Every structure is written in C-alpha cells, then in structure tokens.
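Undergrad: sequence plus the predicted model coming up.
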Amino acid sequence: MADEPLFLRSKAIVEPLVDRFYAWFHTVAPVQASMNLSFLQVPMLESYLQSPQVHIAASHNPELRGGFFVNIGEEQSDQVRQLLDDIKRDRADMLRFADAIAQGQELLRANATGFDLTPLYPKLPAELGGLVELAYDTDNQAAVRFIEPLVYQSPVYTEARQSVQLSLEPGVERPFILSTPRLPSPDVLELQIPFRHPGLEALFKARVNPTTLSRLREELELNDAQAAQLTGLLSPTPSVSKDRHIDGGGRIRYFGHACLVLQTAEGAVVTDPFISADSSAQDRYTLDDLPDFIDLVLITHGHQDHIVLETLLQLRGRIGTIVVPRSSRGNLEDPSIGLYLKQLGFPVVEADDYDEFPFPGGKVVATPFLGEHCDLDIRSKSTYWVDLAGRSAFVGADSSGIDPTLYRYIREHLGTADIAFLGMECDGAPLTWLYQALLTKPVTKKMSNSRKLSGSNAEQAAAIMTELGATEAYVYAMGEEPWLGHVMATTYNEDTYQIKQIEEFMTWCADRGIKAGHLFGQQEWRW
C-alpha cells in the first residue's frame, strides 16, 4: 500500500490545537492568546480540578450550552492536572506577559491624565519593553498599542504550543471548542507539528490529488505507529462531487452558517469557510462539493465561527488569496487577521473599504461592516460585494442595520444588488462571553448584557434591504445547523426571539414582492 495512489477520505477532519485547546484566532494571536490562557483557560482548568462533577453536569445541561465548563470525565482528571502543570511550566512567558498587560493598563488608568506619557515607559513591566507604545486619542483617552509583528517574534509566540489531531468525523457533536481541551485518544492521530507545516498542505491536497502513504509519511514526519493510524484516513478512490464545477453562467451555493461558494466557469470565491466534512449527510454541501481551486477566500471578521482554522487548513494549497479586513494596527481588542494567517502559511491580502479584487469571471469589492462587536473598537471587519456572471450579491455577514444610511452609501457607490445575504442573530452573546479575557477592568453584568454580539432584527434587516434595493434576501442559519454545534453551541425553537424576528422579516419581504428565505442546509442559485 505504501506506493499506491491514495486520497484523503471525505470524513477526515483536523482539530488544530494550542496547548490542547481548540485553536481559534484569539488563542493563537500572541497578545490575545496570552490573556485567554492566563485569565480564562488556566482558571477554567483549576475550577474543573476543584470540582469535576460540577463541570461535567453543567456540560450536559442544555440550558448551560455554550458555557465555560470542561466536558471531560472525572476518570481523566489526572490528565487535566498534568496539562495544567505543563502550561504553568512551559508557558510561563505567556502568563507573565498577560499579567504585564494588566499591570500596564492599570498604570495608564492611574497616571494618564492628558499630560506627557514619556515618564510612564520606565514604569511599564519589563515584559512589555519594546513591544508597546502608549498613546492618547484626541479625547485624551490613553491606551496601550501593541507592535504586533514584534510580539510574533518574541518568546510570547511559540509554535511549540501547536499540534493537530486527525480523525474521522464522529457523527456526534464534539465538545464545545471554547471550553474543553482535547486529550489524547486511541482513535485520533496526534501530530506535534505547527499549523504552517508543509505536510498538512500535502495531506489535505490529497482530497483532490492522489498521493501515496510513503510520501505522506515523509512529509508529515511520521513514525511507524502514526503511519499505521494514517492509513485509516486514506482511500484508493476520491470522494469529490462531480458537479463541483460549472460550465457557464454563475452559481451560488450555501454551505451553512455564513459560508457561500460563488462560482463562474473560470473562477470561484468562498466566504467565511466553515464547512462540514460528513459526506454521508444528504442535507448539506460538504468539503467534497468545493471546487478544486478557490481564487479568493473572503473573511468578514475574526469571530470563531467566521475564521475557522479547521476548515482553512484543509484548503491550504488550493487557495489563490485570502482577503481579510485590515485591523487598527495594535489595539488589544483588534488583532491583525492578516498577520495571524500569514504566520500560519496562508497567502493573504488586507482590504480597506472599497478595495477591489478581481477573479476570473467577476470581482469582489470590500464594503463597510457596522456593529456586532459589543461596541468595541474593532475595525478588522468587512462585508463584501461580489459581481459574477452579470449579477451582484451583497455578502452582509453579521453586519447590523443600526444605521441603515450606510447601505445607501454602498448602493450609491456600487449600484443595486440583485441578492443580499444577511445575519439576524439579533440577541447575541454578551460582551464578556467572548471578550472576558481581554477586559482588565471589570464590567458589571448589566453593562455586559447591554453590549451584545448581535446582527440585525427584523426592522434593521428591512432597512438594509430598503437602502440596498435588492430583489432577493436570504438570512443565514445563525448556528441552527446541528453539525456545527461544537463551535456555535446555540439552541433555538419556534418561539425564540431570533426566529420570530426572521419570520417578521420574511413577512415584510413577501408584502413587498421580495423573494426571501431563511437558509438551512443545501441551497443553490443558478443563472
């Protein structure tokens, strides 16, 4: 079998890990990773070890779904204890850096009163030396600005944290990614390699191009036992779909959540790739349905359900360029998506509003993204306008209609969209759910709950459509897909506020002759 042509099985998945926690943007980018490790993950492991039964019970309570509870059986608590000890020993640089950030922020709060900041530099913790600048805005509000490229070159960023687990899609919901570390398992192939390792690209290109076991063994640097495990992930036949390409015209396919595949005969664009690997399911498109080459991947923002490393790793080597929104360059709450992906080996270009990116058969224009980030000063977010095969689509992601005049400007600049894709998670999680580790000054529960990760409600979605003038509107599934539960951890029913708002918006569209739909599973538009 060593030299027979082989393909990666359809149901093969990868879970990228950092210190055994599922890797997402804020647990890899070094400043935010340090704070999440120190102020969220370590305390969570300590809490679990104090009372495993409480965490296990909470993990299985539907009302607490998406909570920060470690879903690991008590019989494995010794492994969790060893993980915690390893983190405290091996990641001491990161833990000290997080404490230094908190101290630096407190130094500014106590001493930055509008006067010269120069005397504060010698008082900063040594760990911040050379990696930050202190600055006021024009209202004399002071902040620490991180020189991110340098932080990536400092001891705070280490690829020794990175590993991957390779396995077959289990068919049951995996543990919630923000809370439960992944321990070793006999059914999982463990690889202690960085995410940028070229062997991963070789492995995942084998979805469409044959390889051999001996070649993969060499490229992934496998021992005998690992090579034996890898054989279970390989097949002598490919599993790609026959209709993954088109011969003419244009096509848009909905792959779930906020992932669209927009195609012409010559080119392809994918938005926020977050794609199922389970080809046994007939109700959705999977990795098997992707075109062999993707000219542009469009990332709308940095939340864990929109920049999904698990999917992106499986596309490396098949992507022309990843387009990402430009960050504010150094704000604690706004790390650079571009730096992050470049560090992991992806071809990246950063976009400002109204930058244009051609692809065969069309072009993409970056457009503004409003709200949805708990009122934090996060600028690395973008919607997109896609022209292909004579039609135009507005890819709205989670952008909100809190000020619909914005969309009037988009229409004046680009014309009338034929179709609009909108996010209506209009009662999202509060500020502290996703950003608690970055808050060095406590906020009240009332304050946190007032600032949510919310998209448009019915009124706001209607206002967007009015200003865009689009003749079709489709609302993303917003995490309703059960196969994405390990990332989304959302639960809806027919009486849920968000669902009621979508129904209200559907009625509004019907009353005005606008073709509309609430997306779920497979959907295709062809012309």
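TA: Sure thing, it's come through.

Undergrad: which outside residues touch the lowest-mean-pLDDT helix or strand in the chain?
TA: Every helix and strand of the chain was ranked by mean pLDDT, DSSP states H and E. The lowest is helix 485-488, at a mean of 92. With CB atoms under 8 Å, 6 or more residues apart in numbering as the test, helix 485-488 has contacts from 66, 173-177, 257, 274, 304-305, 308, 479, 481. The way it works is simple: take the backbone N, C-alpha and C, and place the C-beta from them, glycine included.

Undergrad: so which of those is the most crowded?
TA: residue 257 (26 neighbours; other CB atoms under 10 Å).

Undergrad: contact partners for that one?
TA: So residue 257 contacts 272, 274, 305, 476, 477, 478, 479, 481, 484, 488 (CB under 8 Å, 6+ apart).

Undergrad: which of those residues lies closest to residue 246?
TA: Proximity of the contacts of residue 257 to residue 246 (CB to CB) peaks at residue 272, which lies at 21.3 Å.

Undergrad: okay but that closest one is in contact with residue 302, surely?
TA: No - Residue 272 is beyond contact range of residue 302, at 10.8 Å (criterion: CB atoms under 8 Å).

Undergrad: would you mark the buried spots in the lengthiest helix in the chain?
TA: Assignment by DSSP state H gives helix 92-111 as the longest helix of the chain. Burial within helix 92-111, assessed by neighbour count using 16 or more other CB atoms under 10 Å, is assigned to 93-105, 107-108.

Undergrad: same check on stretch 55-72?
TA: For stretch 55-72, by 16+ other CB under 10 Å, it's 55, 56, 58, 59, 65, 66, 68, 69, 70, 71, 72.

Undergrad: surely the last one meets residue 183?
TA: Yes - at 6.7 Å, residue 72 counts as touching residue 183 under the criterion of CB under 8 Å.

Undergrad: where do the contact lists of the two overlap?
TA: Joint contacts of residue 72 and residue 183 (CB under 8 Å, 6+ apart) are 79, 80.

Undergrad: so what's the nearest residue to residue 306 once chain neighbours are set aside up against?
TA: Among residues not flanking residue 306 along the chain, residue 272 sits closest, at 4.5 Å (CB to CB, 6 or more residues apart in numbering). Residues counted as contacts of residue 272 (CB under 8 Å, 6+ apart) are 257, 258, 259, 298, 299, 300, 305, 306, 307, 308, 397.

Undergrad: separation between residue 272 and residue 14?
TA: 18 Å (CB to CB, to the nearest Å).

Undergrad: before we move on, what about residue 96?
TA: Between residue 96 and residue 14 the distance is 31 Å, computed by CB to CB.

Undergrad: before we move on, what about residue 53?
TA: For residue 53, the distance to residue 14 - CB to CB - is 32 Å.

Undergrad: SS state for the closest residue to residue 21 other than its chain neighbours?
TA: Closest residue in space to residue 21, ignoring its immediate chain neighbours: residue 181 at 5.0 Å, by CB to CB, 6+ apart. Three-state call for residue 181 (DSSP: H, G, I helix; E, B strand; the rest coil): coil.

Undergrad: what residues are up against residue 181?
TA: Residue 181 neighbours (CB under 8 Å, 6+ apart): 17, 19, 20, 21, 22, 45, 70, 72, 80, 83.

Undergrad: which of those residues fall in helices?
TA: 45, 80, 83.

Undergrad: apart from its neighbours in sequence, what residue is nearest the first one?
TA: Pointing back at residue 45 there. The nearest residue in space to residue 45 (CB to CB, 6+ apart) is residue 84, at 4.5 Å.

Undergrad: ok, that neighbour touching residue 43?
TA: No - in this structure residue 84 lies outside contact range of residue 43 using CB under 8 Å: 10.2 Å.

Undergrad: ok, the two, which is more surrounded?
TA: Remark: of residue 84 and residue 43, residue 84 carries more neighbours, 19 against 12, as counted by other CB under 10 Å.

Undergrad: if I look at the more buried one, how far off is residue 95?
TA: On the measure of CB to CB, residue 84 and residue 95 end up 12 Å apart.

Undergrad: likewise residue 502?
TA: 43 Å.

Undergrad: what of residue 436?
TA: From residue 436 over to residue 95 the distance is 17 Å, taken as CB to CB.

Undergrad: what ranges does the stretch 351-500 of the chain have for its strands?
TA: In the stretch 351-500 of the chain, the strands defined using DSSP state E, counting those that start in this stretch lie at 356-359, 362-367, 383-388, 391-395, 419-422, 472-475.

Undergrad: what of the stretch 151-300 of the chain?
TA: Using DSSP E, counting those that start in this stretch, the strands assigned to the stretch 151-300 of the chain run over residues 162-168, 189-191, 234-235, 250-256, 259-264, 268-271, 294-298.

Undergrad: quick one: contacts of the fourth one?
TA: Contacts of strand 250-256 from elsewhere in the structure, counted by CB under 8 Å, 6+ apart, are 260-264, 273-276, 284-286, 289, 361-362, 388-391, 393, 419, 474, 477, 481, 483-484, 519, 521-527.

Undergrad: remind me which residues of the stretch 151-300 of the chain are low pLDDT?
TA: Residue ranges of the stretch 151-300 of the chain with pLDDT under 70: 279.

Undergrad: so where do the helices sit in it?
TA: In the stretch 151-300 of the chain, the helices defined using DSSP state H, counting those that start in this stretch lie at 198-205, 213-220, 224-231.

Undergrad: other residues contacting the last one?
TA: Outside of helix 224-231, the residues within contact range by CB under 8 Å, 6+ apart are 1, 166, 189, 190, 191, 213, 216, 217, 220, 222.

Undergrad: and it with strand 162-168, angle?
TA: Interaxial angle of helix 224-231 relative to strand 162-168 (axes from the mean of the first three to the mean of the last three CA atoms, to 10 degrees): 50 degrees.

Undergrad: could you give the angle of helix 224-231 to helix 213-220?
TA: Going by the same axes, to 10 degrees, helix 224-231 makes 120 degrees with helix 213-220.

Undergrad: may I have helix 224-231 as CSV, with CA atoms only?
TA: The C-alpha trace of helix 224-231 is given here as CSV (Å, rounded to 0.1, in the frame of the first residue of the first chain):
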residue,chain,number,x,y,z
ASP,A,224,5.6,3.5,12.3
ALA,A,225,2.6,3.8,14.6
GLN,A,226,1.5,7.1,13.2
ALA,A,227,1.8,5.9,9.6
ALA,A,228,-0.4,2.9,10.6
GLN,A,229,-3.0,5.2,12.0
LEU,A,230,-2.9,7.4,8.9
THR,A,231,-3.9,4.6,6.7
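
Undergrad: how about that helix: buried residues?
TA: 227, 229, 230.

Undergrad: CSV for the residues you listed, including distance to residue 324?
TA: CSV is the format used below for the buried residues of helix 224-231 (distance: CB to CB, whole Å):
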residue, distance to residue 324
227, 36
229, 34
230, 32
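
Undergrad: out of the residues you listed, which is nearest to residue 7?
TA: Using CB to CB, residue 230 is the member of the buried residues of helix 224-231 that lies nearest residue 7, at 12.7 Å.

Undergrad: tell me where the stretch 301-450 of the chain has helices.
TA: Counting by DSSP H, counting those that start in this stretch, the stretch 301-450 of the chain has helices at residues 309-313, 337-343, 405-414, 431-435, 445-450.

Undergrad: mind putting those helices into TSV with mean neighbour count?
TA: As requested, the helices of the stretch 301-450 of the chain are exported to TSV (neighbours: other CB atoms under 10 Å):
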stretch	mean neighbour count
helix 309-313	22
helix 337-343	22
helix 405-414	16
helix 431-435	20
helix 445-450	13
